[in-house]
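Chemist: quick one: sequence and predicted model below, then my questions.
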Amino acid sequence: MLIMKNANKLITAILSELEAIGIAGTAETSLVKFLYLSDYANACAKSGETFTDIKWKFESFGPFDGSIRSTLGLMLSDSVLEKNPVYLPTHQFDKISLKRTQKRVTFEEIGFSSSVAVQVREYLKEFGRSLPNLLNFVYYKTEPMAEAKPNEALDFSGCLDKSLFSATQKKIPTHLIEGIHQRMAELSAKRNAVRPIKWRGVYDDTYSRAISAMDADDGIEIELKGSGIFAI
């Protein structure tokens with residue numbers, strides 16, 4: 001099995017931190033996206049350096065790599081994780097959680113800086129109970145996905161340090177603020193140029209299939225909303 005650096009530690013920490021905010025386990029779909037957001041947060045704070053060695057690609061349903069399933073399989077066979085079915089009126093899905101005997105750990109204990117730990121906890125709080133919002137954020141609000149096409153490797157080198165936007169944390173030189181605003185404007189312009197409607201563009205078929213698959217997998221009804229520009 002191919003196991004990437006820090007992946008098993010990060011999975012344990014994510015599930016531990018979810019428990020700490022009252023979310024006992026999550027579906028594989030959400031767990032994968034939180035792994036991605038953890039690497040994303042680390043890259044934003046450390047000039048593109050991800051926390052794991054996962055080779056993130058834009059696959060069928062967004063950021064993914066086959067090594068994640070290998071890691072989950074090993075952790076299940078080693079009794080670190082367990083899968084339990086969740087039954088809903090129309091279907092069922094498996095929820096992944098930590099075994100009771102497994103030690104819970106924080107993000108700081110596995111090596112996250114305090115600023116990255118705070119950022120990832122915010123992602124868990126904001127998206128831990130909302131798969132639609134999680135998918136929308138991953139697809140449309142993270143720089144590696146901004147220009148990616150299906151089957152392409154994701155580039156974390158352009159990630160922006162979100163802590164720079166907090167004036168309470170540090171005094172920001174004017175040229176840095178201007179540079180950040182310019183970069184965000186460039187990314188926004190590129191997205192808008194190819195996607196005048198929120199779910200139309202390079203993610204058209206892929207995103208629609210992901211929404212349908214995630215709905216079936218996690219038991220969450222998803223309603224697409226957006227706006228469009230119509231020319232006569």
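Modeler: It's in.
Chemist: for Glu126, list the residues it contacts.
Modeler: Residues counted as contacts of Glu126 (CB atoms under 8 Å, 6 or more residues apart in numbering) are Asn133, Phe137. For glycine as for every other residue, the C-beta is placed from the backbone atoms N, C-alpha and C.
Chemist: buried ones in the helix or strand containing it?
Modeler: In the assignment (DSSP states H and E), Glu126 maps to helix 114-127. Neighbour counts over helix 114-127 (16 or more other CB atoms under 10 Å) mark Ser115, Val116, Ala117, Gln119, Val120, Arg121, Tyr123, Leu124, Phe127 as buried.
Chemist: likewise for stretch 95-114?
Modeler: Lys95, Ile96, Ser97, Leu98, Gln102, Val105, Phe107, Ile110, Phe112.
Chemist: picking up where we left off before, I'd like to know which of the buried residues of helix 114-127 is nearest to Thr90.
Modeler: When the buried residues of helix 114-127 are compared for distance to Thr90 (CB to CB), Phe127 wins out at 23.2 Å.
Chemist: distance check, the closest one against Pro85.
Modeler: 23 Å (CB to CB, to the nearest Å).
Chemist: repeat for Lys99
Modeler: 16 Å.
Chemist: hmm, back to that, and the next helix or strand past the helix holding Glu126?
Modeler: helix 131-140.
Chemist: which helices and strands does that following helix pack with?
Modeler: For helix 131-140, the elements it packs on are helix 28-45, strand 62-64, helix 114-127, helix 204-218, judged by 3 or more CB pairs under 8 Å, 6 or more residues apart in numbering; DSSP states H and E.
Chemist: list the buried ones in the helix or strand following it?
Modeler: Using DSSP H and E, the next helix or strand after helix 131-140 towards the C-terminus is helix 143-146. Going by neighbour count (16+ other CB under 10 Å), the buried part of helix 143-146 is Glu143, Pro144, Met145, Ala146.
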